[in-house]
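> Sharing a sequence plus its predicted fold:
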Amino acid sequence: MKEIFKRICDIDLGKKDSWQGKIFLTLDVDWACDEVLNYVIDVIEEYKNIKATWFLTHNTDVLERLLENKNFEIGIHPNFNNLLEGNFSLGRSKDEVIKKLMSIVPDAISVRSHSMTQSSQIIDNFLKRGLKFDCNHFIPHHSQNSLFPWKHWSGIIKVPYMWEDDIAILEKDPFKVSKILKSDSINVIDFHPHHIFLNSIDMRAYNESKNFYSNFKKLKKYRNNQKNGVENWFRSVLEISNEDSNYWKN
Ligand SMILES: [Zn+2]
């Protein structure tokens with residue numbers, strides 16, 4: 001059976017069928033607490049054969065569980081924002097920021113920066129630390145472009161993505177999975193565990209719960225249980241695993 005879900009590390013530029021018409025679920029961890037991460041893993045593991053790429057922001061006890069699931073790839077999600085503001089809490093240089101995360105997941109080969117921060121020099125650092133796939137280009141699905149991965153002049157593989165949960169919320173773009181996926185395109189989708197857990201419908205709960213990021217008890221009170229939100233959107237993507245290779249024929 002041909003799998004429709006793939007991980008970023010599965011991309012082979014020489015083999016179109018390693019990415020064309022495939023779905024790449026990516027998760028920007030964004031410092032979500034362990035309970036939230038476990039909640040999202042539980043949701044994914046309700047479905048069969050879901051492959052996903054997690055972009056890690058910090059060391060966590062949940063890492064062991066993430067590494068145990070062979071369908072998961074663990075990449076890194078470096079935050080260069082502090083550095084740009086003259087704050088050295090995450091490292092004194094771009095290389096230090098990357099190195100710290102690579103010491104947590106030394107085998108990582110995929111990266112997406114927090115806020116998509118990128119530059120030629122940052123890419124050179126990614127390569128120096130062993131990273132091979134850079135997922136920092138966002139080209140929205142409504143631009144109607146068919147997307148594909150390509151080799152950047154530096155040698156890194158650029159992997160564009162076309163949908164992100166909080167951008168869909170900000171753009172008030174109603175979610176329908178068949179609207180965003182294309183059979184002739186690479187389909188890289190980006191979710192945040194925090195928004196999945198909150199089942200966000202707007203940014204209100206997210207912004208109001210920012211100070212309780214690690215206080216699961218308090219966080220729970222902000223969860224939306226009334227309307228269709230990010231968790232429902234996420235599940236509608238996961239449900240494709242039930243149709244799998246027949247998906248494009250329907
Ligand atoms: Zn982020």
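Arrived safely.
> Near residue 193, how many residues? Count them for me, please.
25 (other Cβ atoms under 10 Å). Backbone N, C-alpha and C define where each C-beta goes, glycine included.
> In this structure it contacts residue 26, no?
No - using Cβ atoms under 8 Å as the test, residue 193 is too far from residue 26 to be in contact (11.4 Å).
> So which bits of this structure are right by the ion?
Within the chain, the positions lying close to the ion (Cβ under 5 Å from the ion) are 28, 30, 114.
> So which of the residues you listed are in strands?
residue 28 (DSSP state E).
> Tell me the buried residues within the residues of the chain next to the ion.
Listed as buried from the residues of the chain next to the ion are 28, 30, 114; burial here means 16 or more other Cβ atoms under 10 Å.
> excluding its backbone neighbours, what's nearest the last one?
Spelled out, that is residue 114. Nearest non-adjacent residue to residue 114, counting by Cβ to Cβ, 6 or more residues apart in numbering: residue 79, 4.0 Å away.
> Then the second one?
What sits nearest to residue 30 in space, not counting adjacent residues and going by Cβ to Cβ, 6+ apart, is residue 192, at 5.5 Å.
> Could you work out the end-to-end span of stretch 66-77 for me?
Terminal residues of stretch 66-77 lie 15 Å apart, using Cα to Cα, to the nearest Å.
> Mind listing residues that contact that stretch?
Contacting residues not belonging to stretch 66-77 are listed as 5, 7-9, 28-30, 37, 41, 45, 49-57, 63, 98, 101-102, 104-105, 107-114, 131, 133, 135 [Cβ atoms under 8 Å, 6 or more residues apart in numbering].
> what's the answer for stretch 221-231, then?
Contacts of stretch 221-231 (Cβ under 8 Å, 6+ apart): 43, 165, 169, 175, 191-192, 195-201, 205, 208-209, 212.
> how far does it sit from the chain's center?
Chain-centre distance of stretch 221-231: 20 Å, with Cα atoms, centre = their mean, to the nearest Å.
> now stretch 26-34
9 Å.
> And for stretch 183-203?
8 Å.
> Now that stretch: average pLDDT?
Stretch 183-203 comes out with an average pLDDT of 96.
> Under the pLDDT cut-off, which ranges of the chain? List them.
Scanning the chain for pLDDT under 70 picks out the ranges 1, 244-245, 250.
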